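Student: Next one to model:
(one chain, ligands or ions: 1)
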Amino acid sequence: MTEEWDIIVAGGGSAGLAAALTAARGGARTLLIERQTKLGGMGTNALVHTFCGLFHPDSSAPWAWLNAGIPQEIGQAMMTQTGQAAPDLMGRVYVLRQHPSLYASIADDLCSAESNLTRQSGSEWTGLLQTSSGWQVTTHSRGVSQLHRSRALIDTTGDATGARWLSPELWTIAPPERLYRPAYVCSLPHVTGEHDEGWRLAMSALIFKGIRSKALPESAMGAAFRDSTFAQEMFMTIDLEAGQGQWDPFDPTKRAEVETTGRSTAMSLWRYLREHHADFQHCPPPQFPAQAGIRETARYIGDETLTGDELAANKRFENEIALAGWPMEKRENARGPKFRYFDQAQPAGIPAGCLKNSRYPGLFFAGRCLSADHEALASVRVMGTCMATGQAAAQLALKL
Ligand SMILES: Cc1cc2nc3c(=O)[nH]c(=O)nc-3n(C[C@H](O)[C@H](O)[C@H](O)COP(=O)(O)OP(=O)(O)OC[C@H]3O[C@@H](n4cnc5c(N)ncnc54)[C@H](O)[C@@H]3O)c2cc1C
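Tutor: Residues are numbered from 1 along each chain as shown. As a prediction, the model looks like this:
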């Protein structure tokens with residue numbers, strides 16, 4: 001049995017959620033395929049807990065939404081449910097703290113309201129064929145294989161999955177030592193106290209002391225802490241080197257190493273902090289994510305490839321379909337980010353050619369696997385921008 005759809009969206013992260021909602025609201029019979037049980041991608045399953053890229057980059061002015069439509073709708077829903085009246089100003093940028101459980105629940109509600117949208121969870125996209133009328137997609141779920149056909153397909157898997165089946169000329173990946181590092185994010189309940197910049201500096205010093213005395217592993221060096229919007233809950237993000245030159249996000253053995261290192265580092269930090277810091281004294285074990293956070297894998301090569309220089313120069317395009325406003329946040333090692341800001345505190349454009357390749361009509365891509373160079377990806381991979389490019393990919397697909 002082959003099921004027929006107008007638009008298939010593969011991958012239900014920030015980009016895929018926005019794409020599926022846009023497609024369904026545009027009247028298309030839409031299928032959304034997701035291997036995990038929650039929608040939201042890294043924003044739910046990897047516990048990434050701030051929405052970046054939702055706001056205009058001019059932080060000397062009052063905050064303003066950057067891309068209308070789904071990014072604003074999700075951002076607004078998160079503000080309402082977390083009780084935030086405004087985003088936080090962090091240095092030179094506005095950021096919205098988001099709660100991964102609320103994000104999953106908002107995604108459920110938004111999808112359930114769309115009668116044109118069918119959602120599969122625990123379903124792996126495993127194959128792709130180009131046909132005379134569009135695309136044939138294979139999925140596997142619990143030993144059951146299904147075939148689906150559609151006139152348009154939107155790849156929002158973050159991994160350029162379709163491109164890797166279609167042609168080596170349709171995708172690229174940075175060398176292992178340059179890939180933005182993976183990280184392990186946990187939530188820590190019952191953390192007391194106030195946590196300002198001074199607190200953060202003291203924490204770094206305490207962790208450094210722990211590493212020097214061998215009470216903590218070296219990997220604890222990449223730990224950073226941020227308050228949730230809910231009292232006494234913190235998120236701990238541990239940036240991992242992941243073998244640096246040996247890191248391969250497509251190797252399941254290496255991914256298992258990242259997961260294990262993330263968990264063991266988190267447990268060491270939890271034990272150490274409970275003993276050495278009063279704020280963590282009553283903290284139960286960390287709540288682990290469903291998966292480690294993977295920042296970068298493969299990207300598509302589209303009709304156009306957005307570059308870091310174009311973003312820095314605030315370049316605008318006649319055929320732009322979304323705006324980028326987040327600085328290029330490069331994380332090529334676990335020692336923290338290197339930022340490259342846009343020349344002006346103004347947005348830059350993302351052209352339509354970054355979401356399609358004319359040799360493959362009816363195929364679109366969005367989110368962190370769109371067509372951008374390694375440096376530009378450091379900006380457009382943030383969730384607010386992924387929502388905007390996912391929405392735009394569906395708008396292009398609806399015009400077919
Ligand atoms: C540690 C870390 C910290 C970050 N910090 C921030 C931050 O503070 N703010 C911010 O805005 N962004 C941040 N980011 C970036 C951001 O989270 C991601 O770039 C963004 O979530 C990408 O969205 P996406 O929809 O393109 O991909 P993803 O969120 O990766 O979603 C892709 C989805 O596709 C699914 N999928 C993949 N392959 C298949 C398949 N074959 N079959 C079925 N389903 C499939 C996956 O399960 C997943 O749900 C961070 C990322 C990491 C890893």
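
Student: only C-alpha atoms for contact and neighbour calcs from this point on.
Tutor: Will do.

Student: Show me the strands in the stretch 1-150 of the chain, by range?
Tutor: For the stretch 1-150 of the chain, the strands defined by DSSP state E, counting those that start in this stretch cover 2-10, 30-34, 50-51, 88-90, 93-97, 117-121, 124-131, 134-141, 144-155.

Student: export those to CSV and tack on mean neighbour count, mean pLDDT and distance to residue 78?
Tutor: Formatted as CSV, the strands of the stretch 1-150 of the chain follow (neighbours: other Cα atoms under 10 Å; pLDDT from 0 to 100; distance: least, Cα to Cα, whole Å):
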stretch, mean neighbour count, mean pLDDT, distance to residue 78
strand 2-10, 22, 97, 23
strand 30-34, 26, 98, 22
strand 50-51, 22, 98, 10
strand 88-90, 12, 96, 13
strand 93-97, 23, 98, 8
strand 117-121, 18, 97, 22
strand 124-131, 16, 98, 28
strand 134-141, 19, 98, 31
strand 144-155, 20, 98, 25
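
Student: And the ones you listed: which comes nearest residue 381?
Tutor: Shortest distance between residue 381 and the strands of the stretch 1-150 of the chain, using Cα to Cα, is found for strand 50-51: 11.0 Å.

Student: Which of the three states applies to residue 204?
Tutor: helix (DSSP: H, G, I helix; E, B strand; the rest coil).

Student: now do residue 207
Tutor: Criterion first, three-state DSSP; result for residue 207: helix.

Student: OK, contacts around it?
Tutor: 216, 220-221 (Cα atoms under 8 Å, 6 or more residues apart in numbering).

Student: again, 10 Å this time
Tutor: Residue 207 sits next to 201, 213, 215-218, 220-223, 269, 272-273, 276 when contact means Cα atoms under 10 Å, 6 or more residues apart in numbering.

Student: and if you look at residue 306?
Tutor: 315, 349-351, 353-354, 370-377, 380.

Student: where does the stretch 101-250 of the chain come near the ligand, residue by residue?
Tutor: Residues of the stretch 101-250 of the chain lying close to the ligand by Cα under 6 Å from any ligand atom are 123-126, 156-158, 182-183.

Student: Could you take those residues and lay them out as a markdown table, with extra columns for distance to residue 33?
Tutor: A markdown table is the format used below for these (distance: Cα to Cα, whole Å):
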| residue | distance to residue 33 |
| --- | --- |
| 123 | 6 |
| 124 | 7 |
| 125 | 7 |
| 126 | 11 |
| 156 | 10 |
| 157 | 9 |
| 158 | 13 |
| 182 | 24 |
| 183 | 25 |
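
Student: is the longest helix seen in the chain anywhere near the ligand?
Tutor: Across the chain, the longest stretch assigned as helix under DSSP state H is helix 252-276. No. Helix 252-276 does not reach the ligand (Cα under 6 Å from any ligand atom); its nearest approach is 11.1 Å.

Student: need the helices for the stretch 201-350 of the chain, in chain order.
Tutor: Along the stretch 201-350 of the chain, the segments classed as helices by DSSP state H, counting those that start in this stretch run 252-276, 308-312.

Student: list the buried ones in the first one?
Tutor: By neighbour count, with 16 or more other Cα atoms under 10 Å as the criterion, the buried positions of helix 252-276 are 254-255, 258-259, 261-263, 265-266, 269-274.

Student: other SSEs contacting that helix?
Tutor: strand 183-189, helix 197-212, strand 223-227, strand 233-239 (3 or more Cα pairs under 10 Å, 6 or more residues apart in numbering; DSSP states H and E).

Student: can you give me the angle the second one makes with strand 223-227?
Tutor: Computed with axes from the mean of the first three to the mean of the last three Cα atoms, to 10 degrees, the direction of helix 197-212 lies at 150 degrees from that of strand 223-227.
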